[in-house]
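**Q** Give me coordinates for this.
(one chain, ligands or ions: 1)
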Amino acid sequence: MIAPFGIRLRSLMNKRGALCVGIDPHASLLSAWGLDDDARGLERFAMTCVEALAGQVAVLKPQSAFFERHGSAGVAVLERVVREAREAGALVITDAKRGDIGSTMTAYAQAYLDQSSPLATDALTVNPYLGYESLRPALDLAAAQRCGIFVLGLTSNPEAGQVQHAVGPQGGSVAAAIVAGVSADNAGCPDLGDVGLVVGATIGSAVTDLGIDLAASHAPLLAPGIGAQGAGAGELAKVFGAAVRNVLPSSSREVLGAGPSVTALQDAADRTLDACRAVLGEP
Ligand SMILES: O=c1ccn([C@@H]2O[C@H](COP(=O)(O)O)[C@@H](O)[C@H]2O)c(=O)[nH]1
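**A** Numbering: from 1, shown residues only. Reported below is the predicted structural model:
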């Protein structure tokens with residue numbers, strides 16, 4: 001039987017280095033690569049990323065929105081990207097930030113985590129702001145299918161604090177309550193659990209300010225914000241402190257901007273990984 005997601009992720013981070021490259025086919029990037037902003041251009045862009053990076057980096061993270069904006073043809077491209085990236089040896093986190101209630105959350109979970117689904121992936125980003133327990137159908141199906149879940153914790157966008165830093169009824173921050181939920185789901189894991197957190201590389205001292213212990217959560221820590229959003233590898237030590245070993249830095253536009261040359265994309269990913277390694281050490 002396949003190993004649980006957290007174990008597979010640690011093993012691939014050890015082998016390939018701790019880096020996630022996002023596949024975000026912005027219209028501006030399609031244009032910069034000389035491609036049309038249509039489903040054919042999207043497919044060429046995304047499959048070039050797979051060809052360049054799926055055998056090299058630990059994790060690829062297609063951003064679902066950029067595929068959905070091309071309608072059903074775009075979703076078909078997403079299916080191909082996820083399938084072929086996994087076949088080439090990368091782990092795939094589908095960044096769709098799903099979140100809903102009850103049976104609707106179950107349907108989202110089935111769409112991405114049931115391994116017989118056309119969109120089947122290794123891990124899915126989810127939004128806990130309908131309440132952490134609203135994610136239970138996805139958490140349960142992920143565990144059954146040996147997949148991962150990445151719960152939005154402290155996101156990289158500047159307006160996130162309005163919700164995530166707010167103090168909830170128990171007196172702690174909303175983000176701390178989400179982290180507590182993740183910690184409970186990972187309880188007993190000796191190393192990385194299957195339930196991860198999204199914590200932006202841009203958030204400065206928020207983890208410390210809110211009194212959050214990320215290391216104790218055993219969560220893989222997906223850290224977007226490197227590159228186009230202004231964070232560099234240097235920010236990682238300050239943001240994550242004692243939890244740096246569990247960080248998976250993520251960058252999209254900064255790497256993708258090097259394309260369409262396959263070798264230029266590979267070199268850009270290598271440069272980002274080297275910069276992160278200098279801060280994080282070996283995973
Ligand atoms: O807190 C979050 C959660 C997700 N993202 C996503 O990551 C990429 C970032 O792309 P860049 O080009 O490297 O800025 C994008 O898909 C976001 O939706 C995030 O940035 N922050």
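
**Q** Around residue 188, how many other residues sit close by?
**A** A total of 7 residues lie near residue 188 under the criterion other C-beta atoms under 10 Å. For the C-beta atoms, the positions are set from N, CA and C on the backbone; glycine is no exception.

**Q** Need phi/psi at it.
**A** The main-chain torsion angles of residue 188 are listed as degrees, to the nearest 10 and equal phi 90, psi -10.

**Q** Name the helix or strand for residue 222, please.
**A** In the assignment (DSSP states H and E), residue 222 maps to strand 221-223.

**Q** Now do whichever helix or strand comes after that strand: everything it contacts.
**A** Following the chain from strand 221-223 toward its C-terminal end, the next helix or strand by DSSP H and E is helix 234-240. For helix 234-240, the surrounding residues in contact (C-beta atoms under 8 Å, 6 or more residues apart in numbering) are 199-207, 214, 221, 223, 225, 244, 246-247, 249, 276, 279-280.

**Q** Just the buried ones out of those, please.
**A** Restricting the contacts of helix 234-240 to buried positions leaves 199-203, 206-207, 214, 221, 223, 225, 244, 246-247, 249, 276, 279-280, with burial counted as 16 or more other C-beta atoms under 10 Å.

**Q** list the buried ones in stretch 250-269?
**A** Within stretch 250-269, the residues scored as buried using 16+ other C-beta under 10 Å are 250-252, 254-260, 265-266, 268-269.

**Q** same thing with stretch 218-230?
**A** Buried residues in stretch 218-230, counting neighbours by 16+ other C-beta under 10 Å, are found at 218, 219, 220, 221, 222, 223, 224, 225, 226, 227, 228, 229.

**Q** Of these, which are in range of the ligand?
**A** Taking C-beta under 6 Å from any ligand atom, the overlap between the buried residues of stretch 218-230 and the neighbourhood of the ligand is 224, 225, 227, 228, 229.

**Q** Would you mind naming what in the stretch 51-200 of the chain lies close to the ligand?
**A** The stretch 51-200 of the chain has residues 63, 95, 155, 156, 198, 200 near the ligand, with proximity defined as C-beta under 6 Å from any ligand atom.

**Q** beta partners of the fifth one?
**A** When assigned by DSSP bridges, residue 198 has beta-bridge partners residue 152, residue 222.

**Q** ranges for the strands of the chain?
**A** Assigned by DSSP state E, the chain shows strands spanning 20-23, 59-62, 91-98, 123-126, 148-154, 195-199, 221-223, 247-251.

**Q** then the third one to CSV, C-alphas only?
**A** Only the C-alpha atoms of strand 91-98 are listed here, as CSV (Å, rounded to 0.1, in the frame of the first residue of the first chain):
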residue,chain,number,x,y,z
LEU,A,91,3.9,15.2,-5.7
VAL,A,92,1.1,17.4,-6.7
ILE,A,93,-0.8,19.8,-4.5
THR,A,94,-3.9,21.1,-6.3
ASP,A,95,-4.4,24.7,-5.1
ALA,A,96,-8.2,25.1,-5.2
LYS,A,97,-8.8,26.3,-1.7
ARG,A,98,-12.1,24.4,-1.4
